[in-house]
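**Q** I'll drop the sequence and a predicted model, then ask my questions.
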Amino acid sequence: MRESDTHPWHAEQWHRIMVAHGALRLPHALLLTGPPGLGKGDFARRLAQVLVCVNPNEQGDPCGACGACRLVLAGTHPDLHFIQPEEPGRMIKIDAIRGLTAKSVLAAQDGGYRVFVIDPADMMNRAAANALLKTLEEPAKRSILVLVSSHPDRLPATIRSRCQIVRFPVPPARLVRDWLGQAAPEEELDQLLAISGGAPLRVLQAREQGWLEEGRDLCRELSALKRRQINPLQITEEWGKRPLTSVLDGLKRCLTDLIKLANGLSGAMLYHPALREDLQSLGQGIELKSLYGFNDQLLKADRELSHNLNGPMLLEHIANRWLQISRPGGH
Ligand SMILES: [Zn+2]
């Protein structure tokens with residue numbers, strides 16, 4: 001595990017939890033929510049570390065030097081458990097939660113806390129979520145669950161209602177700009193902020209993973225497909241050379257923009273403000289309901305991918321669907 005990052009936009013949430021901790025009123029389950037790219041997982045790791053650290057400083061930060069901190073940083077602390085999908089984008093299965101339940105009833109070292117971080121909690125499959133619910137209904141002493149989710153609406157209400165919710169809003173743009181400093185080039189900063197919804201860590205991710213370029217490529221490719229300059233097989237082959245999630249996420253952003261423009265929300269914040277005119281002509285002549293249908297297919301593809309479905313085949317379906325809806329008079 002890497003050293004827990006502290007982020008300036010976490011200050012208020014951190015303070016509130018440290019006050020509760022100091023008063024021995026820490027809830028046994030927390031749900032950290034907010035848009036992606038705010039470092040909620042970092043917050044969870046920092047919290048887990050401070051709960052086992054024997055010498056936290058006045059601000060409630062872990063010391064980083066005690067035996068417990070060293071075990072945490074080495075990723076071998078016996079009382080901290082991080083539960084995540086076996087591969088990114090896949091579901092968290094019941095076995096992982098059963099393991100958690102079994103460990104949560106054991107006493108922690110030195111009578112301290114046992115901390116379980118589930119990230120992203122909304123990727124638990126139904127059986128896993130049901131198993132977790134049982135643990136939430138009968139919490140073990142000195143054991144704390146930290147659920148992290150950018151999509152809390154995907155969690156069962158019964159789970160949400162048993163957690164104390166800690167919200168992470170997008171920080172003011174000024175703070176994000178200050179924090180980014182030289183990390184994002186000035187000439188691209190506005191575009192990066194737009195495409196990442198203003199979430200600071202997403203700005204970095206967008207830059208690293210080339211989200212702006214992906215958007216430009218997709219806009220051009222969808223337009224070429226619409227004008228029958230290339231066929232679905234060629235485009236599928238092209239998409240196959242890029243990471244699947246990059247293409248799929250890029251398509252979702254383009255579609256969201258197309259739908260906003262088709263709804264006449266000309267003043268709306270687009271993911272790609274710099275591509276407004278290209279997107280406007282791309283969406284020309286395509287019915288709004290077809291755009292919604294296409295968007296539904298993208299969301300469905302996302303879900304299917306998390307259940308091991310064949311990626312290239314999904315992309316081919318998507319390309320064919322676009323060809324169909326962009327045909328003059330097509331649906
Ligand atoms: Zn320490």
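**A** In hand now; what should we look at? Residues are numbered from 1 along each chain as shown.

**Q** please, where are all the helices along the stretch 201-331 of the chain?
**A** Remark: helices assigned in the stretch 201-331 of the chain by DSSP state H, counting those that start in this stretch are 211-226, 232-240, 244-262, 276-283, 288-305, 311-325.

**Q** so which of the ones you listed is nearest the ion?
**A** helix 244-262 (36.3 Å; C-beta to the ion). All C-beta atoms are positioned from the backbone trio N, CA, C, and that covers glycine.

**Q** possible to save the helices of the stretch 201-331 of the chain as TSV with distance to N57?
**A** Output for the helices of the stretch 201-331 of the chain, formatted as TSV (distance: least, C-beta to C-beta, whole Å):
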stretch	distance to N57
helix 211-226	37
helix 232-240	50
helix 244-262	39
helix 276-283	49
helix 288-305	42
helix 311-325	47
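
**Q** can you redo those as JSON lines with distance to the ion?
**A** Below are the helices of the stretch 201-331 of the chain laid out as JSON lines (distance: least, C-beta to the ion, whole Å):
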{"stretch": "helix 211-226", "distance to the ion": "37"}
{"stretch": "helix 232-240", "distance to the ion": "47"}
{"stretch": "helix 244-262", "distance to the ion": "36"}
{"stretch": "helix 276-283", "distance to the ion": "51"}
{"stretch": "helix 288-305", "distance to the ion": "40"}
{"stretch": "helix 311-325", "distance to the ion": "43"}
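
**Q** could I get those helices as TSV with mean neighbour count?
**A** Rendered in TSV, the data for the helices of the stretch 201-331 of the chain read as follows (neighbours: other C-beta atoms under 10 Å):
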stretch	mean neighbour count
helix 211-226	19
helix 232-240	17
helix 244-262	20
helix 276-283	16
helix 288-305	15
helix 311-325	18
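
**Q** and those: which comes nearest D79?
**A** helix 244-262 (33.3 Å; C-beta to C-beta).

**Q** quick check: residues of the stretch 51-200 of the chain near the ion?
**A** C53, P62, C63, C66, C69 (C-beta under 5 Å from the ion).

**Q** phi, psi of the first one?
**A** When read as degrees, to the nearest 10, the backbone of C53 gives phi -60, psi 140.

**Q** next: the one 5 residues further on.
**A** The main-chain torsion angles of E58 are listed as degrees, to the nearest 10 and equal phi -60, psi -30.

**Q** domain map for the chain?
**A** 8-167, 210-325 (automatic domain parsing).

**Q** can you redo these as CSV with mean pLDDT?
**A** Listed next are the domains of the chain as CSV, based on pLDDT from 0 to 100:
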stretch, mean pLDDT
domain 8-167, 92
domain 210-325, 92
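
**Q** to A194, which of these lies closest?
**A** Using C-beta to C-beta, the nearest of the domains of the chain to A194 is domain 210-325, at 5.3 Å.

**Q** for ChimeraX, write a command that selects the buried ones of the residues of the stretch 51-200 of the chain next to the ion.
**A** A single ChimeraX command suffices to select whichever of those are buried according to 16 or more other C-beta atoms under 10 Å:
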select :53,62,69
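
**Q** what about the residue of the stretch 151-300 of the chain found nearest the ion, how many residues nearby?
**A** Nearest to the ion in the stretch 151-300 of the chain, going by C-beta to the ion, is V166, at a distance of 22.5 Å. By other C-beta atoms under 10 Å, the residues close to V166 number 24.

**Q** for the host helix or strand of it, packing partners?
**A** Assigned by DSSP states H and E, V166 belongs to strand 164-167. Contacts defined by 3 or more C-beta pairs under 8 Å, 6 or more residues apart in numbering; DSSP states H and E place strand 164-167 against helix 11-22, strand 29-33.
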